[in-house]
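> Pasting a predicted model and its sequence here:
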Amino acid sequence: MIKRRSLAILVVTGALSLASAQDSSNPQQPDTGQAQQSTPANGTDLQISPGQSSDNTAPGTSENPPISGVDLPNLEPQAAPLSYLQAGAHLSESADSNIQNNVGGSELQSLSRAEGSLELQRLWSHYDLALDYLGGVGYYNVRGIGLRQIEELGFYQKITWKRGEFGVRDAFSYQPEGSFGSDYGSVGTGGAGLSDIGVFFGGSTLGSLGQVPRIMNLSLADVVETLNPKSSITATVAYGFVHFLQNDPETGNAFIGNSQVSGQVGYSRIMGPHDQAGIVYGYQDFQFSTGATFHSNLLQVLWGHRISGHMDFLVGAGPQFTEIDHLLTPVSALTSGDTFPPCTIANGAVECPANDLRVSAAGRALLRYQFTKVSLDAAYEHFLTSGSGFFAGAESDIARLDLTRQLGRVWSGFADIGYSRNSRVTPDTCGSVVNCSGVSANIYQYGFIGGGMHRRFGRNFQAFASYQFNELAFDRSYCGSTGACSRISNRQVGTIGLDWTPRPLRLD
């Protein structure tokens, strides 16, 4: 079964991802005498996790799924499988030091959010169905932004049989802004049980600039087949896209939309009571609104160490081969005597039919640990990503650490820190072109750090307060030939909020 992580209560620009990554709403489940499950309080981290596997699921696929697949073992106490309908309402108010999210910007403004949520989980003997919806509005108290719509929807359908399972998942998001960590809307680390698969399959961003609404979606299908008590094969296919609905109001530049097709096949083998080994082949194909395309093939060797209910450690690494189709070269990089037949000049760049093959490495490491009162989740990834609208593809290093701690019967605390470094894959074709797509830079870095507290009031209410600092920085090439300009965006966000999650309606 897919691990249900708690949802952020009213994540607000910047600070709210903390709540999103670490929230423990714990709404009341129907009285069953079993441990309760957490229930979403904000769509930023939509987690759909149907109840425990049925008796038809292959042995060990719930508590110790194959490391070559997309699912991770559940470290939460196992609860009785339930079918239920859960509603909720969420309010929050934030103070933001750079609410327009501009480079060099600094102006304290407020953001108010009102949202409603609905979660459905329905279990049958061979089928699990889960739906998770969050919708509402955010009011940015600044000229030119105002009221913005917020929509998120997660879907998960799983079919099980004696030796395996097949799942279909989708995570959709329509948000005023979205980025890795701080801002709501990071679908690739969000809904439909997709929070722990990382960035390989796409449908997410790793930084944002300005207030630019976007639609993001990630659809994924995966199958697990157990060959024998120790060996399994897995296969996963996914399609993700990010579409920006307007230009950056500050610079007038259009961010680069993208679509990504990904596939992965693997083999896993249990090596001992707590150890697994595996091998995975992966494929990524990127298409961008600028016309740029490239694809990659990678091979990884995996090793995992798992102690049921307490620890999960996974590491994988291997070579990656990237082929850029019709490589684009900026006209500004050419001299007057350069000729490259049969290349053509179009849109400020030279396009050549020859392809560029590059060899690099890809990999990931994950550590999750469940103590009595403290939980820890640390991850590192090095993969090709979409470039978050800034670049037509990026080679990304991503690191994140989440901590939660129960401080008493009604109090809990959380902390979150993250960092990503993203290097351009395809050349910068902007040069001196006005209103070009993306950002004229070679590297950007994004980081955040923060924390907060939750307090329960009775059975149905929970309040929280959080703070987060965020920084987006481009390298000096962002400033062009001058070498001096504003190239850093800092944000500090403090938030208070209230959740209402009444007793769920049991459907069994």
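Sure, I can see it. Residues are numbered from 1 along each chain as shown.
> how far away is residue 233 from residue 305?
21 Å (CB to CB, to the nearest Å). Using the backbone N, CA and C atoms, a C-beta is placed for each residue, glycine as well.
> cool, and residue 273?
Residue 273 sits 10 Å away from residue 305, going by CB to CB.
> Check residue 461 too.
As judged by CB to CB, residue 461 and residue 305 stand 40 Å apart.
> Those two - which one has more neighbours?
Between residue 461 and residue 305, counted using other CB atoms under 10 Å, the more crowded position is residue 305 (16 against 13).
> List the contacts of the more buried one.
274, 275, 311, 312, 313 (CB atoms under 8 Å, 6 or more residues apart in numbering).
> Okay, and the residue lying closest to the last one once chain neighbours are set aside sits in which element?
Using CB to CB, 6 or more residues apart in numbering and skipping the chain neighbours, the partner closest in space to residue 313 is residue 305 (4.5 Å). In this structure, residue 305 sits in strand 293-307 according to DSSP states H and E.
> what pairs with that strand, and is each one parallel or antiparallel?
Within its sheet, strand 293-307 is paired with strand 275-288 (antiparallel), strand 311-325 (antiparallel), according to DSSP bridges.
> pLDDT score assigned to residue 185?
In this prediction, residue 185 carries a pLDDT score of 33.
> now swap in residue 316 and tell me
At residue 316, the pLDDT value in this model is 97.
> Burial check on the nearest residue to residue 406 once chain neighbours are set aside, number of neighbours?
Spatial nearest neighbour of residue 406, excluding adjacent residues (CB to CB, 6+ apart): residue 373 at 4.4 Å. Applying other CB under 10 Å, we find 11 other residues in the vicinity of residue 373.
> next one: residue 393
26.
> how close does the closest residue to it other than its chain neighbours sit to residue 295?
Using CB to CB, 6+ apart and skipping the chain neighbours, the partner closest in space to residue 393 is residue 425 (3.6 Å). Distance of residue 425 to residue 295, given as CB to CB: 11 Å.
> Between these two, which has more neighbouring residues?
Neighbour totals were compared for residue 425 and residue 295, and residue 425 leads with 23 against 19 (other CB under 10 Å).
> where among the strands paired with strand 293-307 is the average confidence lowest?
Ranked by mean pLDDT, the strands paired with strand 293-307 end with strand 311-325 at the bottom, a mean of 94.
> got a list of contacts for it?
Strand 311-325 is contacted from outside by 67, 72-73, 75, 278, 280, 292-306, 355-370, 384, 425-426, using CB under 8 Å, 6+ apart.
> Just the buried ones from the residues you listed, in ChimeraX syntax?
Listed next is the ChimeraX selection for buried residues among the contacts of strand 311-325, using 16 or more other CB atoms under 10 Å:
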select :67,72,73,75,278,280,292,293,294,295,296,298,300,302,304,305,306,362,363,364,366,367,368,370,384,425,426
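> where's residue 128, which helix or strand?
strand 127-140.
> other SSEs contacting that strand?
strand 109-123, strand 146-161 (3 or more CB pairs under 8 Å, 6 or more residues apart in numbering; DSSP states H and E).
> would you turn the ones you listed into JSON lines with mean pLDDT and mean neighbour count?
Putting these into JSON lines (pLDDT from 0 to 100; neighbours: other CB atoms under 10 Å) gives the following:
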{"stretch": "strand 109-123", "mean pLDDT": "92", "mean neighbour count": "20"}
{"stretch": "strand 146-161", "mean pLDDT": "91", "mean neighbour count": "19"}
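> between those, which one is nearest to residue 465?
Each of those has some distance to residue 465 by CB to CB; the shortest is strand 109-123, at 14.7 Å.
> Give the partner strands of that closest one in its sheet and their orientations.
Applying DSSP bridges to the sheet, strand 109-123 is found paired with strand 84-96 (antiparallel), strand 127-140 (antiparallel).
> for the first one, which positions count as buried?
Neighbour counts over strand 84-96 (16+ other CB under 10 Å) mark 84, 86, 87, 88, 90, 91, 92, 93, 94, 95, 96 as buried.
> Bridged to the fourth one, which residues?
The reference is to residue 88. Beta-bridge partners of residue 88, counted by DSSP bridges, are residue 117.
> Assess the claim that it and residue 116 are in contact.
Yes. Using CB atoms under 8 Å, residue 88 is in contact with residue 116, at 6.9 Å.
> Common neighbours of those two, please.
In contact with both residue 88 and residue 116: no residue, using CB under 8 Å, 6+ apart.
> The residue nearest to residue 479 when sequence neighbours are not counted in helix, strand or coil?
Nearest-residue entry for residue 479: residue 485, 3.9 Å, with adjacent residues in sequence omitted and distances by CB to CB, 6+ apart. Three-state assignment for residue 485 (DSSP: H, G, I helix; E, B strand; the rest coil): coil.
> For residue 485, grab the count of nearby residues.
Other residues near residue 485 come to 12 when the count uses other CB under 10 Å.
> how about TSV for the strands paired with strand 109-123, with distance to residue 407 added?
Shown next, in TSV, are those (distance: least, CB to CB, whole Å):
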stretch	distance to residue 407
strand 84-96	21
strand 127-140	27
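> Next, format these as JSON lines and append mean pLDDT and distance to residue 208.
What follows is the strands paired with strand 109-123, written out as JSON lines (pLDDT from 0 to 100; distance: least, CB to CB, whole Å):
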{"stretch": "strand 84-96", "mean pLDDT": "93", "distance to residue 208": "13"}
{"stretch": "strand 127-140", "mean pLDDT": "91", "distance to residue 208": "14"}
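> which one of those lies closest to residue 378?
strand 127-140 (25.6 Å).
> Go ahead and confirm residue 383 touches residue 202.
No. The pair residue 383 / residue 202 is not scored as a contact, 9.8 Å apart, by CB under 8 Å.
> The two: which has the busier surroundings?
Comparing residue 383 with residue 202 by other CB under 10 Å, the one with more neighbours is residue 202, at 28 against 22.
> Next up, the contacts around that one.
188, 218, 238, 240, 241, 258, 260, 262, 284, 385, 386.
> do you know how far it is from residue 240?
With CB to CB as the criterion, residue 202 and residue 240 are 3 Å apart.
> same deal with residue 476?
The value you get for residue 476 to residue 240, if CB to CB is used, is 32 Å.
> repeat for residue 457
39 Å.
> now residue 486
Counting by CB to CB - residue 486 and residue 240 are separated by 32 Å.
> neighbour-wise, which of those two wins?
Between residue 486 and residue 240, counted using other CB under 10 Å, the more crowded position is residue 240 (24 against 12).
> Looks like the more buried one contacts residue 217 (just checking).
Yes. Counting by CB under 8 Å, residue 217 is a contact partner of residue 240 at 6.5 Å.
> Can you give the distance from stretch 282-299 to the centre of its chain?
Computed by CA atoms, centre = their mean, to the nearest Å, the chain-centroid distance of stretch 282-299 equals 19 Å.
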